[in-house]
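Engineer: Structure here, sequence nowhere to be found:
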């Protein structure tokens, strides 16, 4: 990644620009005997230009970073190589300080461990994220995948508590291409926990058809076996 490789150089150029612009302001002030009002106007104009430049640089870096993260998806979804996917995300995690970026990578690592069936390690990475410091759809997805992992760990009481707290928000995304399949999965888990066997089974069959092209067919097969087990068990 260009911005990642040249991070130190870009930062150095940034500080050189600030130092040079302030020196230039000082020279102009002396040479042309600028009034205080003009000096203040130039100072704030330079400050605004510097902040806009810094914002643009950060946005370009962030977009480049997201493209890199997205390029790793086929490793998990097409190559089915969870170990390599985890290693690649751990590598990107080095030196990152923004909780939004850390959360993106930690959630990816969690997905890798979910693919391996190691939900305990998946949860361990999720607990290192502070949801109050992340925003947007990422925060919703964090809450959702946490519930998903809790159900698989059979930490049902905590999963149900989180579902109750987050359900109104999750419901807004039930048809989302990104979140819809997983929302259906945790809802089926919830219904089975509430012993609403037939309702869970009906939703499962609808979900399998609705999200046929998703990467959650393994979850649907697991839930199908769970539904059959519960439906065939004594009430």
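Structural biologist: Alright, I've got the coordinates. On a predicted model such as this, the values are computed, not experimentally measured, just so you know.

Engineer: so which strand or helix has the residue sitting nearest the centre point of the chain?
Structural biologist: Taking C-alpha atoms, centre = their mean, the centroid of the chain lies closest to residue 104, which sits 3.5 Å from it. Element membership of residue 104 [criterion: DSSP states H and E] is helix 99-116.

Engineer: now do residue 53
Structural biologist: Under the criterion of DSSP H and E, residue 53 resides in helix 36-71.

Engineer: Now stretch 187-199: buried residues?
Structural biologist: Of the residues in stretch 187-199, 187-192, 197 count as buried by neighbour count, 16 or more other C-beta atoms under 10 Å. Glycine gets a C-beta too; all of them are placed from N, C-alpha and C.

Engineer: hmm, back to that, contacting residues for the residue nearest to the centre of the chain?
Structural biologist: Applying C-beta atoms under 8 Å, 6 or more residues apart in numbering to residue 104 gives the contacts 66, 69, 138.

Engineer: do you know how far it is from residue 97?
Structural biologist: 13 Å (C-beta to C-beta, to the nearest Å).

Engineer: hmm, back to that, can you give me how far the helix holding residue 104 is from the chain middle?
Structural biologist: The chain centroid and the centroid of helix 99-116 are separated by 7 Å, computed with C-alpha atoms, centre = their mean, to the nearest Å.

Engineer: Would you mark the buried spots in the helix or strand following that helix?
Structural biologist: Moving toward the C-terminus from helix 99-116, the next helix or strand (DSSP H and E) is helix 119-126. Applying a neighbour-count criterion of 16+ other C-beta under 10 Å, one finds 119, 121-123, 125-126 buried in helix 119-126.

Engineer: element containing residue 76?
Structural biologist: Of the helices and strands defined by DSSP H and E, residue 76 is found in helix 73-77.

Engineer: And that helix, what does it pack against?
Structural biologist: Here helix 73-77 touches helix 82-93, helix 99-116, going by 3 or more C-beta pairs under 8 Å, 6 or more residues apart in numbering; DSSP states H and E.

Engineer: wait, which of those helices is closest to residue 207?
Structural biologist: Proximity to residue 207 (C-beta to C-beta) singles out helix 99-116 among these, at 17.8 Å.

Engineer: now that closest one against helix 119-126, angle please.
Structural biologist: Interaxial angle, helix 99-116 versus helix 119-126 (axes from the mean of the first three to the mean of the last three C-alpha atoms, to 10 degrees): 180 degrees.

Engineer: Next, the buried residues of helix 99-116.
Structural biologist: 99, 101-115.

Engineer: same thing with stretch 73-80?
Structural biologist: Buried, per 16+ other C-beta under 10 Å, within stretch 73-80: 75-76.

Engineer: Next: stretch 208-223.
Structural biologist: Buried residues in stretch 208-223, defined by neighbour count with 16+ other C-beta under 10 Å: 208, 211, 214, 216, 219-220, 223.

Engineer: Make a ChimeraX selection of the buried ones in the contacts of residue 104.
Structural biologist: Selecting only the buried entries of these in ChimeraX, with 16+ other C-beta under 10 Å as the criterion:
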select :69
